[in-house]
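Colleague: fold the following.
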Amino acid sequence: MDPSQVATVILAGGKGTRLRPLTLHHSKPAISFGGRYRLIDVPISNSIHANFTQIHILAQYLSSELQHHISQTYRLGMFQSGSIDVLTPEENEKGEKIWFEGTADAVRKTLPTLFKTDAFYFLILSGDQLYHIDFGKMAAFAEEMEADITIAATPVHHSTSERFGILRVDEQSLVKEFIEKPKQGPDLHHLHLPEIFFQRIGQAVPKEPHLLANMGIYLFKRDVLKKLLESDPRTDFGRHLLANALQKWKTASYIYNGYWEDIGTVESYYQANLLLTSKGGVDLYDEEKPIYTKQSFLPGPQIKAAAIRNSILCDGCRIDAAEIERCVIGMRSEIRKGTVLRNTLFLGHSECGESCRIEGAIIDENVHIGNNVILINSSGRQNFDGDGVFIRDGIIIVTAATILQDRFTL
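Modeller: Okay, here's the model as predicted:
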């Protein structure tokens, strides 16, 4: 397929309420990941690797940081084809702000701008997922199948059904049924994937039942996208439009059998970052298909002393700690003498004083932690709201620009 026939639309406008308090100061796609990236870098990079360089990012909530990152990172030269544009809600002729109210609504309200390109296909992505997908292969599959709509899908354990939209497909990979976040019960039995499915994709047959989950990645033919959005005024692709769409248009499922994580909660964000310390999760070390991000021009980390195990230390760090174990330490972080860090994320541009002990925490950007601070959630609380310090899912979160005084304890 000619890459110029595909335009990418990245949905990046949600408030990320389940990720609060991290999203108190950032839009979800602008949150730091892996110590040096932003979540939005993943869908943009995967699109660029497929040579899909007509990219539109639909932003809304706290969009200024996101726009700044994109403008500083992705500069297609004047002699290259393609562009990366950020679209935000605009005022109408009455001076009213027309806000995006869901995934489908955001695309619907920006359709006049999106259709200024002559692309035949529109690839719709989420701004907060982790994966390495060859979108070129997905587009070729859609073309071969002559599909009007193509949905990327991946096998998931049956116990996770309430997190995802679930597909039922036939032997030709055509979607026959779509149920959004179904509850557990006997009604799901007919959705369990047969053994022959796993044999076809070259995966060992799992011992327990699996389902086929919608990844929130869609490839629409241009005219089908237009007709769908005009015929159904509801606001969300997964919750509203897809179940009816597959009754009208030929809908195929492109099977992805690799790492994929939808960053929907504090727990999923935290675990996806820590997974990097054990060479798991999304591959950040692929030299052929790197995840692009803003150039830092910082020196390598300076380590005076520390017992460091299973951790990532990013550019510009200064480390003089006692122990760092299973941590991701973001750019320009400073950890001083005697401090012990375990299972902790420093998102970057923060400093931690002497003789601190921090375990199971997320330290947002531009945080100052004094000396002898203890953050270990010793009481085992699942939720807590404080002044710049929170607990969600048992994980301590220190929000951006917070100052913790000497001997602060939680």
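Colleague: going forward, measure contacts and count neighbours with C-alpha atoms only.
Modeller: Fine.
Colleague: which other helices and strands contact the lengthiest strand in the chain?
Modeller: Longest strand of the chain, by residue count under DSSP state E: strand 210-221. The contact analysis (3 or more Cα pairs under 8 Å, 6 or more residues apart in numbering; DSSP states H and E) places strand 210-221 against strand 121-126, strand 149-157, strand 165-169.
Colleague: tilt between it and strand 121-126?
Modeller: Interaxial angle of strand 210-221 relative to strand 121-126 (axes from the mean of the first three to the mean of the last three Cα atoms, to 10 degrees): 130 degrees.
Colleague: can I get the helices and strands packed on strand 210-221 in JSON lines including mean neighbour count?
Modeller: JSON lines is the format used below for these (neighbours: other Cα atoms under 10 Å):
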{"stretch": "strand 121-126", "mean neighbour count": "24"}
{"stretch": "strand 149-157", "mean neighbour count": "22"}
{"stretch": "strand 165-169", "mean neighbour count": "23"}
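Colleague: export those to JSON lines and append columns for mean pLDDT and distance to His68.
Modeller: Shown next, in JSON lines, are the helices and strands packed on strand 210-221 (pLDDT from 0 to 100; distance: least, Cα to Cα, whole Å):
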{"stretch": "strand 121-126", "mean pLDDT": "96", "distance to His68": "19"}
{"stretch": "strand 149-157", "mean pLDDT": "91", "distance to His68": "30"}
{"stretch": "strand 165-169", "mean pLDDT": "87", "distance to His68": "33"}
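Colleague: can you pull the contacts of Ala153?
Modeller: Neighbouring residues of Ala153 by Cα atoms under 8 Å, 6 or more residues apart in numbering: 167, 212-215, 253-256.
Colleague: tell me where the model's unsure across the stretch 1-150 of the chain.
Modeller: Low-confidence segments of the stretch 1-150 of the chain, defined by pLDDT under 70: 76-80, 91-96.
Colleague: quick revisit: can you show me the CA trace of whichever helix or strand comes after the longest strand of the chain as CSV?
Modeller: Next along the chain after strand 210-221, taking DSSP states H and E as the criterion, comes helix 222-231. Output of helix 222-231 as CSV, limited to C-alpha atoms (Å, rounded to 0.1, in the frame of the first residue of the first chain):
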residue,chain,number,x,y,z
ARG,A,222,-12.5,7.4,4.1
ASP,A,223,-16.1,7.2,2.9
VAL,A,224,-17.0,4.6,5.6
LEU,A,225,-15.7,6.8,8.4
LYS,A,226,-17.7,9.8,7.1
LYS,A,227,-20.9,7.7,6.7
LEU,A,228,-20.5,6.1,10.2
LEU,A,229,-20.0,9.5,12.0
GLU,A,230,-22.9,11.1,10.1
SER,A,231,-25.3,8.2,10.6
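Colleague: can you give the distance of helix 222-231 from its chain's centre?
Modeller: Centroid separation between helix 222-231 and its chain, computed with Cα atoms, centre = their mean, to the nearest Å, is 26 Å.
Colleague: mind giving me the packing neighbours of that helix?
Modeller: Under the contact definition 3+ Cα pairs under 8 Å, 6+ apart, helix 222-231 sits against helix 103-114.
Colleague: what's the helix it packs on packed up against?
Modeller: Right, helix 103-114 is packed against strand 54-59, helix 222-231 by 3+ Cα pairs under 8 Å, 6+ apart.
Colleague: Gly34 against Asn273, yeah?
Modeller: Yes - if you go by Cα atoms under 8 Å, Gly34 and Asn273 touch, sitting 5.8 Å apart.
Colleague: show me where the chain has helices.
Modeller: Using DSSP state H, the helices of the chain run over 41-49, 63-73, 103-114, 135-145, 195-200, 222-231, 242-248, 266-275.
Colleague: which parts of the first one are buried?
Modeller: By 16 or more other Cα atoms under 10 Å, the buried positions in helix 41-49 come out as 41-49.
Colleague: just the shortest one next, same as before
Modeller: Within helix 195-200, the residues that qualify as buried by neighbour count (16+ other Cα under 10 Å) are 197-198.
Colleague: in the sheet, who's paired with Leu11?
Modeller: Assessed by DSSP bridges, Leu11 has beta-bridge partners Leu58, Ser126.
Colleague: so what's it up against?
Modeller: Leu11 is in contact with 57-59, 103, 106, 124-127, counting by Cα under 8 Å, 6+ apart.
Colleague: do Thr23 as well
Modeller: Applying Cα under 8 Å, 6+ apart to Thr23 gives the contacts 15-17, 31.
Colleague: one more: Leu87?
Modeller: When contacts are counted by Cα under 8 Å, 6+ apart, Leu87 is found next to 56-59, 110.
Colleague: that one pairs with what?
Modeller: Leu58.
Colleague: what number of residues lie near the nearest residue to Leu410 once chain neighbours are set aside?
Modeller: Counting by Cα to Cα, 6 or more residues apart in numbering, Leu375 is the residue found nearest to Leu410 once chain neighbours are left out, at 5.1 Å. Residues lying near Leu375 (other Cα atoms under 10 Å) number 20.
Colleague: what's the answer for Thr88, then?
Modeller: Neighbour count of Thr88, defined by other Cα under 10 Å: 20.
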